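[1] any chance you could fold what I've pasted below:
(2 chains)
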Amino acid sequence: MRSVALNTARRAGRRRSRRFTRRDLVVLVVLLGIPVLLDIVIIWGPTLASIGLSFTSWDGIGDIHWVGGKNYQNLVDNYPPFWPAVRHNLLWLAFLGLIATPFGLLLAVVIDRGVRFSRFYQSTLYMPVVLSLAVVGFMAQLVLGTDQGVVNTVLNNHENPIDWLGDSDINIWMMMLAASWRHTGYVMILYLAGLKSVDPTLKEAAAIDGANARQTFFRVVFPTLRPVNVIVGVITVIESLRAFDIVYAVNKGRNGLELLSVLITDNVIGEASRIGFGSAIAVVLLTVSLGFIVTFLVQELRGARDR
Amino acid sequence: MTADIRTTSPAARGRSLAGGDRRGEHPRRRGRFGVHIFLMAVSLAFLAPLLLAVYASLRPYEETAQHGYFSLPEHLSFDYYREAFSDSGMGEYFKNTLIIAVPAVLITLFLASFVAFAVSRIKVRGGIVLLMFFTAGNLLPPQVLVTPLYVLFLKIPLPWWMSDSLTMYDSYWAVIIVNIGFQLGFCVFVLANFMRTLPQEILEAAIVDGAGLWTQFWRITLPLCRPALAALGTLEFTWVYNDFLWALIFISNPDKLPITSSLNNLRGQFFTDYNLLAAGSVLVALPTILVFLLLQRHFIAGLTLGSSKG
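    Residues are numbered from 1 along each chain as shown, chains lettered A, B, ... in the order given. Take a look at the predicted model:
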């Protein structure tokens, strides 16, 4: 009995290897090889190199000297913008995660219930997503500027205008609002796509069982959106950690708008060219990101096994 | 309505055809008025900055300087658009962006579809590892890669007909290849999810008919992925077009910068005409808005990601 089973298994294995002709193999190796190689050269190689550089005092020109954990120690002890940047990144994450993302979900649910002009609302709310953050940063100045900005004009405080973008206590909130402007539309469109593919019979069955709209949503519809939830969660986390363009467009990320991404850019391509030190900040950002990435991948892996 | 039907799921489509439009599905009309007020208010808030930029761009600087942006207009004209276009050299910059974005998006979509095909259609061994390898790569913060890539690109020589800087650094190739590498992960992830929902029987039938791997991919699978490819194409074009960081780091010659940097040319050293800048911003934003409006019908359909199976 056993040998028969082994034989069939072996035959199956042989059939598997014969699944591809030589030409097929060439296609497979070339077309899988190029993207894999590209990903190694562009993404993974540089990532490892960055980790290595973070233990050196390299300035980009001279020799590379190993300094161990000194960069990290300096970062924590004598680099004033570091902790504000960490705080701002976390604040950014909380703001997008707790306000912008749920708001996007709410909009998607409202639009999906089948209101008239839904296409118009959908396009309008998505519009900010296609704008360059450089443009968004400029628009922020138009709306929030001190001299002729609209908000100050409407508030009619010509004498003593509020410096929305310059005051280091307020400007980070304004930036997060501007970032949410784009984030909400993106989240909405993802949820809308997800909601459209929810089997309508599920909702009908829930209605027959006497569930009201809220119960139907939270107990029936929302759980089936799990794949979308995962994607939205990842996008929210990654976007908050990566945030860069908008503060850079407004004031190069200074004076209250410090973010980890800005500090890296300043150190690496700034005049000082403290590449080793900049890499250390990059590794901090990487560590935080990896925590979320691994969680996400474990989820995905489980999902893939179930399918 | 016909357009709407196409974007809904087959089940919903059947129901709409069976009678009753979408409104008829929801007997509870109470609160519909409130819903419209809510959506109107949110839409207005979302559009306001854009409308404001358009409005400012149509008015002379002296006028807004005196009365602020939030005032009634005395003169309206398109002069600033002409000026913004010629002063910033936007035509050239736009060409630069196209040189970067078009190949980057096409190559990314092509390579990503094949990886997705290998992982989710022919199920090569180690497919999940491959999927993780690409997806995780896409999630890394770009700043982590900056330094080594910068050094690497400075060291790669290119012949004069490929790059006038004679290195990978300060050439379009650098920005194109980084965009491809960085966007691959997201495309692989989305396309693999999409392809998983296609019926496997189509492929099996093709194999029985003796189709090779290339035919199975190019002739059988890709045409079925058109909705997902359209959605991804829209997203990718927007992202590459709007990219700010890569060009800032890998290009030093100002003549090669993409369009997003052209706005800086409209900023004076001592005085900035914000109305001119507004006209420039609207011009920069226009292509992505047009692409989205043209492809939006496919957009939602393509993003569905087969989540009904979840």
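
[2] tell me where chain A is predicted with low confidence.
    Low-confidence segments of chain A (pLDDT under 70): A:1-19, A:147-148, A:303-307.

[3] so who does the one residue in chain A that gets nearest to chain B touch?
    For chain A and chain B, the shortest gap (Cβ to the nearest Cβ) falls at residue A:42, measuring 2.9 Å. Using the backbone N, CA and C atoms, a C-beta is placed for each residue, glycine as well. Residues in contact with residue A:42 (Cβ atoms under 8 Å, 6 or more residues apart in numbering or on different chains) are B:145, B:149, B:177-178, B:180-182.

[4] at 6 Å what do you get?
    Residue A:42 sits next to B:178, B:181 when contact means Cβ atoms under 6 Å, 6 or more residues apart in numbering or on different chains.

[5] run a quick neighbour tally on the closest residue to residue B:169 other than its chain neighbours.
    Excluding its sequence neighbours, the residue lying closest to residue B:169 (Cβ to Cβ, 6 or more residues apart in numbering or on different chains) is residue B:153, at 4.2 Å. Burial of residue B:153 is recorded as 22 neighbouring residues (other Cβ atoms under 10 Å in any protein chain shown).

[6] quick one: residue B:153 and residue B:171 touch, right?
    No. Contact criterion Cβ atoms under 6 Å: residue B:153 and residue B:171 do not qualify, at 8.2 Å.

[7] still on that earlier bit, did I read that right, the residue nearest to residue B:169 in a strand?
    No. The assignment for residue B:153, made by DSSP: H, G, I helix; E, B strand; the rest coil, is helix rather than a strand.

[8] contact partners for it?
    B:168-169, B:174.

[9] and it, how far is that from chain A?
    10 Å (Cβ to the nearest Cβ, to the nearest Å).

[10] and the pLDDT for that residue?
    We have a pLDDT of 91 for residue B:153.

[11] just the helices in the stretch 151-300 of chain A please.
    A:171-196, A:200-208, A:213-215, A:222-224, A:226-242, A:245-251, A:260-269, A:275-306 (DSSP state H, counting those that start in this stretch).

[12] so which of those helices is nearest residue B:105?
    helix A:171-196 (18.3 Å; Cβ to Cβ).

[13] between helix A:226-242 and the closest one, find me the angle.
    If you take axes from the mean of the first three to the mean of the last three Cα atoms, to 10 degrees, helix A:171-196 sits at 160 degrees to helix A:226-242.

[14] helix A:171-196: how far from the chain's middle?
    Computed by Cα atoms, centre = their mean, to the nearest Å, the chain-centroid distance of helix A:171-196 equals 11 Å.

[15] buried set for it?
    Of the residues in helix A:171-196, A:171-172, A:174-176, A:178-196 count as buried by neighbour count, 16 or more other Cβ atoms under 10 Å in any protein chain shown.

[16] contacts for stretch B:258-266?
    A:132, A:134, B:88, B:90, B:93-94, B:96-97, B:244, B:247, B:276-277, B:280, B:284.

[17] now do that stretch, average pLDDT.
    79.

[18] swap in stretch B:134-143?
    pLDDT averaged over stretch B:134-143 gives 84.

[19] ends of that stretch, how far apart?
    18 Å (Cα to Cα, to the nearest Å).

[20] and for the residue of the stretch 51-200 of chain B found nearest chain A, nearest residue in space, chain neighbours not counted?
    Residue nearest to chain A within the stretch 51-200 of chain B: residue B:181 (2.9 Å; Cβ to the nearest Cβ). Distance criterion Cβ to Cβ, 6+ apart; nearest residue to residue B:181, sequence neighbours excluded, is residue A:42 at 2.9 Å.

[21] again with residue B:230
    residue B:298 (3.7 Å).

[22] just the contacts of residue B:153: which are in helices?
    residue B:174 (DSSP state H).

[23] quick one: contacts of stretch B:216-225?
    B:117, B:121, B:198, B:203, B:206.

[24] I'd like the residues you listed written out as a markdown table, with neighbour count, distance to chain A and secondary structure added.
    Output for the contacts of stretch B:216-225, formatted as a markdown table (neighbours: other Cβ atoms under 10 Å in any protein chain shown; distance: Cβ to the nearest Cβ, whole Å; DSSP: H, G, I helix; E, B strand; the rest coil):
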| residue | neighbour count | distance to chain A | secondary structure |
| --- | --- | --- | --- |
| B:117 | 27 | 9 | helix |
| B:121 | 20 | 12 | coil |
| B:198 | 17 | 13 | coil |
| B:203 | 20 | 12 | helix |
| B:206 | 16 | 13 | helix |
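
[25] what about residue B:147, how many residues nearby?
    For residue B:147, using other Cβ under 10 Å, the count is 27.

[26] list the buried residues of stretch B:63-72.
    B:63-64, B:68-70.

[27] near chain B, list only the ones from the buried residues of helix A:171-196.
    A:193-194, A:196 (Cβ under 6 Å from any Cβ of the partner chain).

[28] helices of the stretch 201-310 of chain B, start to end?
    B:213-215, B:222-224, B:226-242, B:245-250, B:274-303.

[29] quick one: average pLDDT of the second one?
    What helix B:222-224 shows for mean pLDDT is 92.

[30] now do the contacts for the residue nearest to residue B:287 when sequence neighbours are not counted.
    Nearest in space to residue B:287, with sequence neighbours left out and distances taken as Cβ to Cβ, 6+ apart, is residue B:241 at 6.8 Å. Contacts for residue B:241 (Cβ under 6 Å, 6+ apart) come out as B:97, B:101, B:288.

[31] distance of residue B:241 from residue A:124?
    20 Å (Cβ to Cβ, to the nearest Å).

[32] next: residue B:188.
    Taking Cβ to Cβ, one finds residue B:188 at 31 Å from residue A:124.

[33] more crowded one of the two?
    residue B:188 (30 against 19).
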